[in-house]
Each structure stands twice: as structure tokens, then as C-alpha cells.
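In: Have a look at this prediction, sequence included:
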Amino acid sequence: MNLEVKIKRIHADAKTPVQATPGDAGMDLYSIETSRIPSGEARLIGTGLQIELPKGTEAQIRPRSGLALKHSVTVLNSPGTIDEGYRGEIGVILMNHGKETFVVEKSMRIAQMVIQFVPSIQVTEVNELSQTVRGSSGFGSSGTK
């Protein structure tokens, strides 16, 4: 299945995201700026891109595994969601969980973007819900101790 995702470059240094190989779920997003992120802090990093998503889709902004493993840098609100109606610049909130200041270089791959389908949701308020084995047990209550 092919989807057309429209990208507008709003900065001269912006790079258009592409699937590195056919079938890849994510497309790399690149920084248009150099920024220092001290240990324990977060920064909004610009990509210089705007997006027009197909109806019934969203873009999820996810961490890059290499940045997470090598530098303890991740996307803070992971996954970040871009709704189909958003037309502003794509920004990535990077969080430095590492011990050293992390330097985001201009043109660095900082995150990946995955396009997902979003179902149309109809919420129905009811007085009772169906019963399950788990019931209303809280987090971590799936039987593992």
C-alpha cells in the first residue's frame, strides 16, 4: 500500500525524510541546528519541515535506538503524535538521560517518523462494562510476580 505524505521544507538545511530501504517502518528526521543538551535536560530541536498527512493517519515521532543506546538520548514524549490537521514545523523534544552534555549537530539524525492509520472512534458511555478474568486489577497484575 502506498500513501502520499506531503512534506514542505521551510528551512534551507532541512532534509526530506525517506525510508532507507523499502518496507522500513520509520523515516529519519534530521536536525537543522546545533544544540547542547545538558544531562537531565530536554530541548526542542527543529527539523525545518512541515507535513500534510493523508486523511485517517498520524505521524508518530520515535527515538532512534542508536542515540538511546550510545548516549541515553531519547524522544521525551515518545511517541510524539502529529495529527493530520497539524501544519506547523515538526519539532522533536530530545531528552538527555546520560551523564554528559549531548551535542546535537546540524544535519544529525535525531528521531524517526512512522506513519500510522487512525481509526474513526465512536465513544459510547455505558453504566456497565463486560467482565474479564483480569477485571479491574492494576498495573503489573497480569499474573507475573
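Out: Perfect, I can see it now. Residues are numbered from 1 along each chain as shown.
In: The closest residue to N96 other than its chain neighbours: what's it in contact with?
Out: Nearest non-adjacent residue to N96, counting by Cβ to Cβ, 6 or more residues apart in numbering: I37, 4.2 Å away. Backbone N, C-alpha and C define where each C-beta goes, glycine included. Residues in contact with I37, defined by Cβ atoms under 8 Å, 6 or more residues apart in numbering, are R43, V73, L94, M95, N96, T101, F102, V103, V104.
In: go again using 10 Å as the cut-off
Out: Taking Cβ atoms under 10 Å, 6 or more residues apart in numbering, we find I37 in contact with 43, 45, 71, 73, 94-96, 98, 100-104.
In: Please apply the same query to S136.
Out: Applying Cβ under 10 Å, 6+ apart, we find S136 in contact with L129.
In: What strand or helix carries it?
Out: Using DSSP states H and E, S136 sits in no helix or strand.
In: and it, how far is that from E125?
Out: Distance, S136 to E125, using Cβ to Cβ, to the nearest Å: 18 Å.
In: Check H11 too.
Out: Counting by Cβ to Cβ, the gap from H11 to E125 is 45 Å.
In: neighbour-wise, which of those two wins?
Out: H11 (13 against 4; other Cβ atoms under 10 Å).
In: Please, which helix or strand holds the nearest residue to that one once chain neighbours are set aside?
Out: Among residues not flanking H11 along the chain, G48 sits closest, at 2.8 Å (Cβ to Cβ, 6+ apart). For G48, the host element (DSSP H and E) is strand 42-52.
In: Please apply the same query to P54.
Out: P54 is part of no helix or strand when elements are defined by DSSP H and E.
In: And A68, by the same measure?
Out: Using DSSP H and E, A68 sits within helix 65-71.
In: about what we covered before: any idea which of the contacts of I37 has the most stuff around it?
Out: Compared across the contacts of I37, L94 has the highest neighbour count, 25 neighbours, by other Cβ under 10 Å.
In: Now do the helix or strand harbouring that one, average pLDDT.
Out: L94 is part of strand 89-96 when elements are defined by DSSP H and E. For strand 89-96, mean pLDDT rounds to 98.
In: All set, thanks.
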